[in-house]
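[1] Fold the following for me, if possible:
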Amino acid sequence: MVLMHLAETFRRLFSSRSLGPAVAAAVAVYIGRLISRAFFSQLSPIPGPFLNKLSNLPLKYHLLRGQYHTIGEVVRIGYDMVSLSNTSDTRLVLATHAFQKGPTYHRGRTNEPTSFSAIDPELNKTRRRQLDAGAHSLIKTWDAEISQQGGQARANYFYTFHRMGAFNILQTGDTSVIDKMPIQRVPWLFPGLKQSQQFLLELVRDAIATRKRLIERQWRPATDTTSNTLSWTIANLLNYPDIHRRVTDEVWSTFPDMTRTISFGEAKAKLPYLTAVIHESMRLNPSVSGMLPRSVPVEGAAFQGYSIPRTATICVSIAACHRNPKTWENPNTFNPDRFLGEDDEGKLRDLLTFSSGVRVCIGRNLGWLVVYTVLANILRKYNFALPENAPYGPQRTDKGGVPAEIPGSAYILTGPSHPQTDCWVNISHA
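    Okay, here's the model as predicted:
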């Protein structure tokens, strides 16, 4: 019925003496442009889904649904966009400023560019020098502070969303901040966008007023990425009870004294299986899982025999690299043992969790400190178990026979699509 209705609409338009020729010419130009994009551009030889050769809309749809499908190591994912899933190729793109950040980064800018949004290489270097010294000195301060806090429940959040974001989610139980965060790429899909923006403006004013009454001396980088890493790690452990039991036993046997806090240095040095669990969680669910666009140099580029012109955009996909079956055996399975073998150093080189090259994450050392310290202490002090009616867990498997993953949504960061229903957990004292 829909096709018949469209056909009748076009028939009426074309039959109109005034509109017919104009509409026909516009349609012809549009179809010609699509054919040129698909079959006669410099990107035409690169494999990829047919619809992606015509438009970038399918890419946005799959990004928002958190879907990553590796067709090959060089894939055309849009009419002017190419994705790489080979770690070596990806490191080459990230290694220098020749492949600068794409125009997409302007969309998230405030009045002044940040270390994330800055496209200019010199400005990026300046921002990194300003932040790097503070990050390293703060790590030492926080390592001492964490040890003094004691193994209380708030350790689960103290260095993540609650304290860093200061949204008081734990104190108030109010998650409206997260629920109201709009996705601005496709506003027509979100009818409440304008109301959300007004809500956030009011929220910001209140937050500023509240902040003036607080005395805090904390630096707050990478809050969402760290929080996501901790959340996905717990989710993976709940999906794999044997792995959960093994890492918990390691923590308990190595640090039986519940009265003292495990420091970052102790956890990193004495808990090899916990280290493997963290690496594997970061591989399977990298917090930055969306496409990271890079502009092609004026002279163009070539990867694995495919020529990419300067008018195209290369989209670095850490998630695709981490799920590449040529690099990782059974890539969709959570298996920390892959980082305990003889080739563990080689596997670590294939991890791009904190990016690579000139744009490597400036807060990576701080991220390691938070993840190691928080996980070691909460695994020793608390038991985590899925509720009886949990929609996801070891009882629900996918076609490959492994526990089905909680659906995720991504643009740049990746989080659960339905945290209100999929992410509940029972916590008790160990």
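
[2] By mean pLDDT, point me to the weakest helix or strand of this protein.
    Evaluated with mean pLDDT, DSSP states H and E, the helix-and-strand set of the chain has its lowest mean pLDDT in helix 169-172, which scores a mean of 44.

[3] in stretch 34-49, what's buried?
    37-38, 41, 43, 46, 48-49 (16 or more other CB atoms under 10 Å). In short, each C-beta sits where N, CA and C put it, glycine included.

[4] typo on my end, stretch 327-337
    327-328, 331, 334-336.

[5] what kind of secondary structure is N383 in?
    Secondary structure, DSSP: H, G, I helix; E, B strand; the rest coil: N383 is strand.

[6] helix, strand or coil for the closest residue to it other than its chain neighbours?
    The shortest distance from N383 to any non-neighbouring residue, by CB to CB, 6 or more residues apart in numbering, is to S428 (4.8 Å). Counting by three-state DSSP, the backbone at S428 sits in strand.

[7] Report the separation between S428 and Y240.
    20 Å (CB to CB, to the nearest Å).

[8] higher neighbour count, those two?
    Y240 (21 against 8; other CB atoms under 10 Å).

[9] show me what contacts the more buried one?
    Y240 makes contacts with 334, 394, 403, as judged by CB atoms under 8 Å, 6 or more residues apart in numbering.

[10] Low-confidence bits of the stretch 101-250 of the chain, can you list those?
    101-201, 203-205, 207-224 (pLDDT under 70).

[11] Am I right that A302 is in a strand?
    Yes: looking at A302 with three-state DSSP, it is inside a strand.

[12] Could you double-check that it sits in contact with P309?
    No: using CB atoms under 8 Å, A302 is not in contact with P309; the gap is 10.4 Å.

[13] higher neighbour count, those two?
    Neighbours were counted for A302 and for P309 using other CB under 10 Å; P309 has more, 14 against 9.

[14] Please name the residues that touch the closest residue to N86 other than its chain neighbours.
    Once flanking residues are discounted, N86 sits nearest to E73: 4.1 Å by CB to CB, 6+ apart. The contact partners of E73, by CB under 8 Å, 6+ apart, come to 84-86, 89, 304, 324, 326.

[15] related to what we said a few turns ago, would you check which pair of the buried residues of stretch 34-49 lies furthest apart?
    The largest separation in these, counting by CB to CB, is between S41 and P49 at 15.5 Å.

[16] before we move on, back to that, what's the closest of the contacts of Y240 to A98?
    For the contacts of Y240, the nearest to A98 is F334 (35.9 Å; CB to CB).

[17] confidence score at that closest one?
    As predicted, F334 sits at a pLDDT of 96.

[18] Can you give me the neighbour number for the residue lying closest to N239 once chain neighbours are set aside?
    Nearest non-adjacent residue to N239, counting by CB to CB, 6+ apart: P403, 4.0 Å away. Using other CB under 10 Å, P403 has 22 neighbouring residues.

[19] Mind listing the residues bridging to P403?
    T397 (DSSP bridges).

[20] okay, now the domains of the protein?
    25-117+289-331, 128-167+221-288+353-429, 168-218 (the TED database).

[21] what stretches of the stretch 251-400 of the chain score poorly on pLDDT?
    289-290, 343-344, 358-359, 363.

[22] Now do the contacts for V75.
    By CB under 8 Å, 6+ apart, the residues touching V75 are 46-48, 82-83, 85.

[23] My guess is S317 contacts S83. True?
    Yes: the pair S317 / S83 is scored as a contact, 5.2 Å apart, by CB under 8 Å.

[24] coming back round to it: from the contacts of E73, which single one is nearest R245?
    Taking the contacts of E73 together and measuring to R245 by CB to CB, the closest member is N324, at 29.6 Å.
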